[in-house]
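*Asks:* give me a model of this one.
(2 chains)
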Amino acid sequence: MHTTVFIILQILIMIIISPLVNGIVNKIKALVQKRKGQSIFQMYYDLSKLFKKDTVISETSSWIFKATPYILFGSTLAASLFVPVTTLVEGVSFPADAVMFIYVLALGRFFLMLGGLDTASTFGGMGSSREGMISSLIEPAMLVAIFTVAFFSGTLSITGMMNFAAYESNTTVNPAYIMAFIAMLIVLIAETARIPIDDPETHLELTMVHEAMILEYSGRYLALMEYASVIKQLIIITFIVNIFIPHDMFLTMGGFLALVLSIAIYIFKVIVLSVVMALVEVNTVKFRLFSVPNMAVMAFIIALLGFANSFIFVNN
Amino acid sequence: MSNIDFNYVENLTRSIFFIVLVLFFAVSIVSLIWVRNGKEKAAKRNNILNGVCTLASALGIAGSINYLFGVNFSNAQLELLHIKTSLPLISIDLTIDSLSAFFILGLSILTFCVSIYSMGYMKHYNGKRNVALFNFFYSTFIISMYLVFTASSAITFFMTWEVMSVLSYFLVVFEHEKEEAGRAGTLYIIMTHIGAGFLMIAFIFIYIHTGCMDIFIKNGGAEIPSAIRNVIFGCLLIGFGTKAGIIPLNIWLPKAHPAAPSNVSALMSGIMIKTAIYGLVRFIFSFLGIEVIWWGMVIMILGIFSSVLGVTYALMENNVKKLLAYSSIENVGIIFLGMGVSAIAFAMGNVFVGSIAMLGFLLHSFNHVLFKGGLFMGAGAIQYATGTKNIEKLGGLIKTMPQTAICMLCFSMSICAIVPFNGFVGEWLTYQSMFLSLSQGIARINAISIIGVSALALSGALASVCFVKLFGIGFLGKPRTEEALKAVEVPMPMRFGMAILATLCLLVGVFPMIIIKPMASIIFDISGFNILSELKGGLFLAYCSMNLENSQISSMFVLVIIIIAIILTIGFAYLKNNKPVQVSYSTWDCGFGGLNERMQYSSTGFVNPLKIVFKALYRPKIVIKVEEGETQYFPVSTEYKVTTEAIIEKYLYSPLITKVHKLSMRARQSIQTGSTHLYMLYVLLALLALLFYNRLV
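*Replies:* Okay, the predicted model is just below:
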């Protein structure tokens, strides 16, 4: 029973909040650039409109092209279940851990890259090729950072890691966590296709990665692809805020009010992190594609150093 | 040797085993006599023989499953055959235990599917080649693998091992008029004999120090002095590593596996390299027993290098079968990673972690049988339909060969460890075991485990790029050549063979406990630890989820969630727009028009970013040849060629070969002069030396 409630709550929060995060990032960027900027709810309007529109499908494409948006969206939603927005819902046993989380996201990405290649468009191929490079280089950093956290928490389950962070927040302030945090921030930027790794707003063949893969999509398919990408962004943000910036105020309170307050604080943290992301995005320029490996290696080394710290601390 | 209580299991297993061997043997002989005349007749007879192979394999599957469930933690061994000869030591011993039965299960499943597949695949050899001879080698090769898995004395093992190597050599050079095949075969037979030489050394040491040839004895080599044990370990690792294709002993694998006909490639990459894994488990884990940590460290380091380098080389390959061969090296690397973790844990006395890791790598071996066998069959199907193995010449096959495409998609997803498929289950256990081995609290184990984790992550991610390339360039988009355009779906038996494996991939992925439950008794036999007490199935159905300490996963659950999400999404989209209009239009061409198939991303181009990132590894050489016309702006022809350097061959093998060559040239001048008198002197000296040695001992 608890699990069902949790699943519905989790999915609702993910679906409702994720476009807002994008809106906030865009708004902050606009404000910093002294523009008025679009409404923070713009993405809801866009998505709603895209769902109503007709679709244009390339003649060369196969069923892979049409299946991709659904599989991507479905797998992203499934992955979102592994990363609870609050650890307060008790009795939730969810059959997945961090490794599975990564490989469920990999399912979506696999189809995303295939979808790019399916239309025989050069843009799509280019996007898939670059996405393949970036994602495969960032993967080791992500896993090492996760393993560092898992090592402290004694479990690979993400819920377990979050519980550990929330209940024993005094032990999580140490160099290992901080380094894992930095590595995960870089992972966040790379995985969500943001500046300086990728530019979500450009349609210039020299720079685009994620946009290139979804170039041929239109109508509801495009809506699903865009939606999946913002949900994925929120998933990784959730992972970061609940593990590295845990809050434990309401753990002892219990009850419905605590749950609401806890979710409110979670949303607040998400907004703070998206402001940070926006500020990073306005203050940096996009890297050359071949500078991305440097960044990935940097993230990996930081994560590895963090891990090296971790067993010093645990042994003491 | 303890006998099994269940008489029934014993008799059944024994009789099934012999029926299987007899059937395969009959096929090999009958084929030589019967499949001769006429194209049509030969094809029909070939099909019948392959049908018999299929039947025999089905019996093998039934027998091994029956045995695995029958023994049930009894630590039993069942003697199948024992023939003594008048020569000392030389005897033929065949015994089966749970480990053997498990590998025989993999072998039987694969031969079952490959034999079905061959009914269609061999059609294009009919009339062109000696199919009878092929069938002879094919079925004797399968017999030899059955024998390798059951050989219980070192002598029998070595004999069957050699027979297997030689028969597979004949299959590699089956298309002998191709220079490539001949060269690959020669390299293969040389490498495999170097490996066999090391194995021989190991066996001799084992015999000297134990005086016994039975390799099924658990911890039979425990009393060997530790220095000798290390030597034996080294020899076994080199000997079996050569067969497994571990880097740097891999140079033959990417050449020999692609050279053979595809059904044989499937067997070689699918199960023959697993004989090496079997050998390592049998000799190192079971017979010798592990006492020092560095054994595991060495295995893990080899695994790290093989998994990452294997996949990086696979990425650059445009030849489908070579790509798959390199990917086999990667998967052997992953298996070695798990094996290393397991060996380290056993050396530390941590039976729990060791057992989980062992389950991980054995399961990955089994999964690799399924998906790599399938991938090679798919590569054969591509070649059958288009006549080419070059990815650059394919494209759009999903429309002309839809069913093959679905099978290939399943296999590709399995090998990338993507969630509902079986590859994930094995890799998850390997990740888990590396995580658990962190708790042992020794700095160097932690260091190597975390490097193992990153190697596994990197190779997994690169593998997904590699297989997106294979599937995306080969099957999607527009056909790049006439051949690809005109491809037709391959014959029914070929598709059927692949479909069975694809179904199994999904089945094992969604219900991992189906295979883990019978595997538990193998682990119990080796480590004495019942894995099922820690690794539980739970939730909904006992078979579809795995609970391990605090982690639990269920691919089934994820699959259900994804399906529900998709249904809801379709429903939602329908609510928003209940009369969706779909317009079919040409791909966006920037308004210029005339988008053609050559403007698509090519296979080389697709992986070019990674080539640039790893350029230290590939050392790519780019040669651009331009033939100028009247002005430099209108060249008559341009040629662009990128080649990558094979580092291992160039920096490890070439100097070695040059050294050996020089040495032998010098030896020829001083020792082998061509003078008969001198040779007679050598004979005399050798005789005297032997007599003298005999006197001393």
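*Asks:* from the chain's centroid, how far away is stretch B:135-151?
*Replies:* In terms of C-alpha atoms, centre = their mean, to the nearest Å, the centre of stretch B:135-151 is set 16 Å apart from its chain centre.
*Asks:* how about the residue of chain B found nearest chain A: what's its closest non-neighbour residue?
*Replies:* Nearest residue of chain B to chain A, counting by C-beta to the nearest C-beta: B:Y601, 2.5 Å away. C-beta here means a position set from N, CA and C on the backbone, and glycine is covered the same way. Nearest non-adjacent residue to B:Y601, counting by C-beta to C-beta, 6 or more residues apart in numbering or on different chains: A:G125, 2.5 Å away.
*Asks:* my read: that neighbour touches B:T604, true?
*Replies:* No. Counting by C-beta atoms under 8 Å, A:G125 sits too far from B:T604 to count as a contact (11.6 Å).
*Asks:* those two: which is more packed in?
*Replies:* Per other C-beta atoms under 10 Å in any protein chain shown, whichever of A:G125 and B:T604 has more neighbours is A:G125, with 27 against 16.
*Asks:* quick one: pLDDT of that one?
*Replies:* Predicted confidence (pLDDT) for A:G125: 91.
*Asks:* so who does it touch?
*Replies:* A:G125 makes contacts with A:G116, A:L117, B:G472, B:G477, B:Q600, B:Y601, B:G605, B:F606, as judged by C-beta atoms under 8 Å, 6 or more residues apart in numbering or on different chains.
*Asks:* what about the residue of chain B closest to chain A, distance to A:K286?
*Replies:* 22 Å (C-beta to C-beta, to the nearest Å).
*Asks:* just B:L59 next, same as before
*Replies:* Taking C-beta to C-beta, one finds B:L59 at 62 Å from A:K286.
*Asks:* ok, now B:M122?
*Replies:* 55 Å.
*Asks:* swap in A:L204?
*Replies:* Taking C-beta to C-beta, one finds A:L204 at 10 Å from A:K286.
*Asks:* who's more crowded, those two?
*Replies:* Higher neighbour count among A:L204 and A:K286: A:K286, with 17 against 10, using other C-beta under 10 Å.
*Asks:* the chain: strands as residue ranges?
*Replies:* If you meant another chain, say so; for now it's chain A. Along chain A, counting by DSSP state E, strands occupy A:55-58.
*Asks:* if you could check chain B rather than the one you did, that'd help
*Replies:* Using DSSP E, strands in chain B cover B:78-84, B:91-96, B:535-536, B:546-548, B:551-553, B:582-585, B:621-627, B:637-643.
*Asks:* residues from the stretch 151-300 of chain A in reach of chain B?
*Replies:* A:151, A:154-157, A:160, A:215-216, A:219-220, A:223-224, A:289-290, A:293, A:300 (C-beta under 8 Å from any C-beta of the partner chain).
*Asks:* burial of the residue lying closest to A:T284 once chain neighbours are set aside, as a residue count?
*Replies:* Nearest residue to A:T284 in three dimensions, chain neighbours excluded: A:P196, at 4.5 Å (C-beta to C-beta, 6+ apart). Neighbour count of A:P196, defined by other C-beta under 10 Å: 18.
*Asks:* go on, B:E482?
*Replies:* Neighbours of B:E482 (other C-beta under 10 Å): 10.
*Asks:* what segments of the stretch 201-350 of chain B are helices?
*Replies:* Taking DSSP state H, counting those that start in this stretch as the test, the helices found in the stretch 201-350 of chain B are B:226-244, B:253-259, B:262-267, B:273-280, B:293-316, B:320-347.
*Asks:* and for the stretch 1-150 of chain A?
*Replies:* A:2-32, A:42-52, A:63-80, A:98-118, A:122-153.
*Asks:* now render those helices as JSON lines, adding distance to B:N367.
*Replies:* Output for the helices of the stretch 1-150 of chain A, formatted as JSON lines (distance: least, C-beta to C-beta, whole Å):
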{"stretch": "helix A:2-32", "distance to B:N367": "30"}
{"stretch": "helix A:42-52", "distance to B:N367": "39"}
{"stretch": "helix A:63-80", "distance to B:N367": "21"}
{"stretch": "helix A:98-118", "distance to B:N367": "14"}
{"stretch": "helix A:122-153", "distance to B:N367": "20"}
